[in-house]
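> Here you go, sequence then predicted model.
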Amino acid sequence: MFGALTAMPYILIVTMKKSLLVVQSQSSESDSDGTDQAHNQSIVVPTTVIAIADSIQKKDNSWVVTSQIATDLSIQVQDVTFTVHKYPLVSKCGYIGRLELQPSISNFGYELKLENFPGGSEAFKIILKFCYGLPLDLNPSNSAPLRCASEFLEMSEEIDDGNLISKTEAFLTFVVLSSWKDTITVLKSCETLSPWAENLQIVRRCCDSIAWKAPRDNSMVNDEGWCFDDVASLRIDHFMRIITAIRARGAKPEIIGKCIMRYADRWLPGMDAELEGLRGYGYGKNELQFSILIGRKEDEGIEHSKEQKSIIESLVSILPSQPEAAPCKFLLKMLKMAMVYSASQALIAELEKRAGMMLENANVNDLLIPNYKSEDQGKMVKSLEKQTMHNTDVVQRMVEYFLMHEQEKQQLPPTSGKSSVSKLLENYLAEVAKDPNLSITKFQVLADALPERARSCDDGLYRAIDTYLKTHPSLSEYDQRRLCKIMSCGKLSLDARMHAAQNDRLPLRTVIQVLFSEQVKMRAAMQGKEPAASDNNSEQEITQTSTKTEIMTLRAELENVKTQMTELQRDYSELQHEYEKQNNKHRNGSAWNFGWTKIRTSALFHRKLDGNEGGEGHQRSNSLGSKINFRRRLSIS
């Protein structure tokens, strides 16, 4: 089968059995039983040397077997050349024995090139030592490469007893798979052994072993939390195999979620990036700032983006659907990263839905999602004069998902989570209102996303409106009034009403409504009509009671204003009649002129209000104007 080596000057015929025994005497592992079945064939060896090789030494970019016997075979693995003897390899490797070796052109002997050799030159060097009977160091780091390489070279028991396939297989089964750390090490080494490690079931057996040893509930995590870091160090496809196996064994969703979150923190560098730096709205630096914050560099190529996108999509696909699997903050981080690396729209929609269902647990900074174009591979939109800094459409959709989820739960009270989301949305509006490119329509749509009854107080909404007016000083009066209609003056606190009454940015109509609302509340409080809040009443009942009280108070106030208007007209007629009867204009001119000026000012102001608010309800404007005139009359008296 093997043939004879080339004849040498000094020769002696010895049996193969003897030469093999000599080789094995230098090995750390004894296979004496297997050598008893050696063939009774003869080979030609030097008369003065029994051991074929003393050692393997490196010379430049090649390895050479040091021996008194001349080498006759040159093998190239990757870019490393091995100068060896033909017989030791042929006696162990069925693959090399079947080849028709080509004579070397450059030197004496044969040459062979091994393409796509699993494990590379390092694995072949260890196999070479095994074939020469030199000490073999088998450990978790090289056991998988050696198992694949031995399979490549067909080093089976049919060729020689105690061959490398059986040795590495036994080491993997009885030593590696019984240890968590060794199994992780072997699985990492399999990342460069595709498809050999998959075909030999090394990856499957390692994943099953890790899943069997992984914790299944929180009680085990306290003692074995380190296992998350080990699993997070693996490649994404191996990680998904492990998570699938853990889930099949009935692990809790929160355990799987912790593994996924740990993996995302390690492999997605932008997960922990906060967007605080963008709140200053220095548009010239925003793209650069966010590029630094999310860990992306200018030299990152398409391959890196594809890898990040694959990781994001894989993690979301295996994330359990239970709410306890991952918090809202993590889902929103994943949503930002998915938009950065242009993940599929179906995945983005899934993240929006899941985050929206848990929106009451989010904060403002989580919702500050920068505006991206998918075709730009997640880079910041450059046409900043037309685009908003933050993606408000995503937040609007998440609020809609939240409302749908609240309706599906059908629990009492029905607005249990709406109040917290309402405050969150008000704070979010106050942040995005600083964007000069945010249109009033988008602002209004966001403010109206939640029903009005979900807000017990409109102070946060007033702050957002005031910020928007400050950032957009060129708004028309119509747009200002349209914006202020979003809030209810009756739901402002005393401090907010005092601030609004002196706020020059608010339109005049809004200031009047704030003052009128303050007077109504004061009169209702003096008359004991202020509705008392009860912890047992729902927010909807409180709102309805307050609305009824305000309607009754407004009706009474309207009647009072009408009566006072009649008195004011009568007083005006009497004063005018007295003025005409005066003959001496210099004696009492200053006092009468002062009174006449005040009266005319009141009348003119009354007519101005009628002219400005004629299209919005004549009766209400007259009543407000009369009310103000009445105040001025009291000041004269």
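Here it is on my side, so go on.
> CA atoms for contacts and neighbours, from now on please.
Noted.
> Sketch out the low-pLDDT regions of the chain for me.
Flagging of the chain using pLDDT under 70 yields the residue ranges 1-54, 104-108, 218-226, 272-301, 372-386, 410-417, 528-551, 554, 583-637.
> so what are the domain limits for it?
55-213, 415-527 (the TED database).
> want to try JSON lines for the ones you listed, with mean neighbour count and distance to residue 566 as columns?
As requested, the domains of the chain are exported to JSON lines (neighbours: other Cα atoms under 10 Å; distance: least, Cα to Cα, whole Å):
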{"stretch": "domain 55-213", "mean neighbour count": "18", "distance to residue 566": "88"}
{"stretch": "domain 415-527", "mean neighbour count": "18", "distance to residue 566": "20"}
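> Take the ones you listed and lay them out in TSV including distance to residue 326.
Below are those laid out as TSV (distance: least, Cα to Cα, whole Å):
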stretch	distance to residue 326
domain 55-213	20
domain 415-527	19
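> right, and those domains - which one's nearest residue 564?
Residue 564 sits nearest to domain 415-527 of all these, at 16.1 Å, using Cα to Cα.
> Show me where the stretch 401-550 of the chain has its helices.
Listed in chain order, the helices of the stretch 401-550 of the chain (DSSP state H, counting those that start in this stretch) span 418-432, 440-447, 459-471, 477-484, 494-501, 508-526, 539-581.
> can I get these in a markdown table with distance to residue 200?
What follows is these, written out as a markdown table (distance: least, Cα to Cα, whole Å):
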| stretch | distance to residue 200 |
| --- | --- |
| helix 418-432 | 53 |
| helix 440-447 | 57 |
| helix 459-471 | 63 |
| helix 477-484 | 68 |
| helix 494-501 | 72 |
| helix 508-526 | 77 |
| helix 539-581 | 65 |
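> Of those helices, give the one that comes closest to residue 150.
Among the helices of the stretch 401-550 of the chain, if distance is taken as Cα to Cα, the winner is helix 418-432, at 62.0 Å.
> Run the angle between that closest one and helix 459-471 for me.
Counting by axes from the mean of the first three to the mean of the last three Cα atoms, to 10 degrees, helix 418-432 points 10 degrees away from the direction of helix 459-471.
> What is helix 418-432 packed up against?
helix 364-367, helix 440-447, helix 459-471 (3 or more Cα pairs under 8 Å, 6 or more residues apart in numbering; DSSP states H and E).
> contacting residues around the longest one?
This means helix 459-471. Contacts to helix 459-471, defined as Cα atoms under 8 Å, 6 or more residues apart in numbering, come from residues 423, 426-427, 429-431, 433-436, 447, 475, 480, 483-484, 487, 491-493, 496, 505-506.
> Dump it to CSV, keeping only the CA atoms.
Extracted C-alpha coordinates of helix 459-471, given in CSV (Å, rounded to 0.1, in the frame of the first residue of the first chain):
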residue,chain,number,x,y,z
ASP,A,459,-48.7,72.7,33.0
GLY,A,460,-46.3,70.5,31.0
LEU,A,461,-48.2,71.2,27.8
TYR,A,462,-48.1,75.0,28.5
ARG,A,463,-44.3,74.7,29.0
ALA,A,464,-44.0,72.9,25.7
ILE,A,465,-46.1,75.5,23.9
ASP,A,466,-44.2,78.4,25.4
THR,A,467,-40.9,76.7,24.3
TYR,A,468,-42.3,76.4,20.8
LEU,A,469,-43.3,80.0,20.7
LYS,A,470,-39.9,81.1,21.9
THR,A,471,-38.2,79.0,19.2
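> Now do the contacts for the closest residue to residue 405 other than its chain neighbours.
Excluding the flanking residues, the one nearest residue 405 by Cα to Cα, 6 or more residues apart in numbering is residue 357, at 5.9 Å. Residue 357 makes contact with 398, 401, 402, 405, according to Cα under 8 Å, 6+ apart.
> swap in residue 168?
Residue 168 sits in contact with 138, 143, 144, 146, 147, where contact means Cα under 8 Å, 6+ apart.
> any idea which element the third one lies in?
Element membership of residue 144, judged by DSSP states H and E, is helix 140-152.
> Which strands and helices lie in contact with that helix?
Packing partners of helix 140-152 (3+ Cα pairs under 8 Å, 6+ apart): helix 120-131, helix 164-171, helix 180-189, helix 196-199.
> could you check the angle helix 120-131 makes with that helix?
Using the same axes, to 10 degrees: helix 140-152 against helix 120-131 is 80 degrees.
> The stretch 301-450 of the chain: strands as residue ranges?
Using DSSP state E, counting those that start in this stretch, no strands are found in the stretch 301-450 of the chain.
> what's the distance between residue 403 and residue 358?
Distance from residue 403 to residue 358, counting by Cα to Cα, to the nearest Å: 11 Å.
> ditto for residue 487
Per Cα to Cα, residue 487 is found 26 Å from residue 358.
> Cross-check the contact I'm expecting between residue 81 and residue 61.
Yes - the pair residue 81 and residue 61 passes the contact test of Cα atoms under 8 Å, sitting 6.9 Å apart.
> Would you mind listing the residues touching both of those two?
Counting by Cα under 8 Å, 6+ apart, nothing touches both residue 81 and residue 61.
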